[in-house]
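Student: after the sequence you'll find the predicted model.
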Amino acid sequence: MSQRWGNTWTIFAMVALIGPCPAYAQAPSNLPGEARTILAEIEQSCRSFGGRVTFNEGFVQQADFNGDGKQDYVIDWGMPTCSTASAGYCGSAGCMQSVYISNAAGYLSGVDFYGLTPRILMRQSRPILTLDVTEGSESWGWTGKAFTKLPPAGATAIKPSQSRPKARRGN
């Protein structure tokens with residue numbers, strides 16, 4: 001199993017707290033290979049507990065973050081549920097979110113971070129991903145080379161040397 005899976009399925013009582021949600025019997029089949037591999041691990045683990053996986057609505061979101069005309073994917077790992085165990089990709093920092101960005105060779109993967117309620121919004125005519133985090137919310141987007149955290153809307157990123165006030169000299 002992947003290292004991501006190591007701390008999963010630990011809070012079995014949570015299943016009783018999960019209310020009815022719109023769901024998919026199976027995950028979408030057009031996901032990148034790495035995401036399909038992890039889904040197979042989720043399904044296998046749930047079966048090992050005698051359960052069945054449900055991929056709830058919102059598990060996969062799509063947008064063309066890098067502007068190449070191909071769909072990129074956001075996977076909310078808190079959305080799969082097992083009928084006999086809890087979802088294991090969530091903790092005090094939220095649920096794991098994975099972003100798969102398309103490129104000429106397939107997909108860039110390994111863009112993983114934690115948060116809740118992933119939403120794809122538009123900023124300056126480009127899609128961005130916004131997450132609720134313990135400090136409020138964060139936005140992530142494609143900067144031309146990488147999928148990275150963006151400054152808050154309306155804010156301008158400053159250089160480190162600009163962030164310190166200049167010392168005043170005494171009279």
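Tutor: Perfect, I can see it now.

Student: pull the residues that contact the longest strand along the chain.
Tutor: Using DSSP state E, we find that the single longest strand of the chain is strand 106-123. Applying CB atoms under 8 Å, 6 or more residues apart in numbering, the set of residues contacting strand 106-123 from outside is 4, 32-35, 58, 61, 63, 72-74, 76, 78, 91, 93-102, 127-133, 138-141, 147, 150, 153. For glycine as for every other residue, the C-beta is placed from the backbone atoms N, C-alpha and C.

Student: try 6 Å
Tutor: The contact list for strand 106-123 (CB atoms under 6 Å, 6 or more residues apart in numbering) reads 32, 34, 61, 63, 74, 76, 93-94, 96-101, 127-133, 147.

Student: and it, how far out from the chain's middle?
Tutor: 4 Å (CA atoms, centre = their mean, to the nearest Å).

Student: buried ones in it?
Tutor: For strand 106-123, a neighbour-count test (16 or more other CB atoms under 10 Å) marks 107-109, 111, 113-116, 118 as buried.

Student: same check, this time on stretch 63-71
Tutor: Neighbour-count burial for stretch 63-71, with 16+ other CB under 10 Å as criterion, is recorded at 63, 65-66.

Student: out of those, which one sits closest to R52?
Tutor: A63 (29.6 Å; CB to CB).

Student: tell me the contacts of that closest one?
Tutor: A63 makes contact with 120, 127, according to CB under 6 Å, 6+ apart.

Student: about what we covered before: any idea of the mean pLDDT for the longest strand of the chain?
Tutor: Averaging pLDDT along strand 106-123 yields 85.

Student: mind listing what that strand pairs with, with the direction of each?
Tutor: strand 94-103 (antiparallel), strand 126-133 (antiparallel) (DSSP bridges).

Student: run the chain-centre distance for the shortest one.
Tutor: Remark: strand 126-133 is offset 10 Å from the chain centroid, using CA atoms, centre = their mean.

Student: what residues sit buried inside whatever helix or strand comes next after that strand?
Tutor: Sequence-wise, the next helix or strand downstream of strand 126-133 (DSSP states H and E) is strand 136-142. Using 16+ other CB under 10 Å as the test for burial, strand 136-142 gives 139-142.
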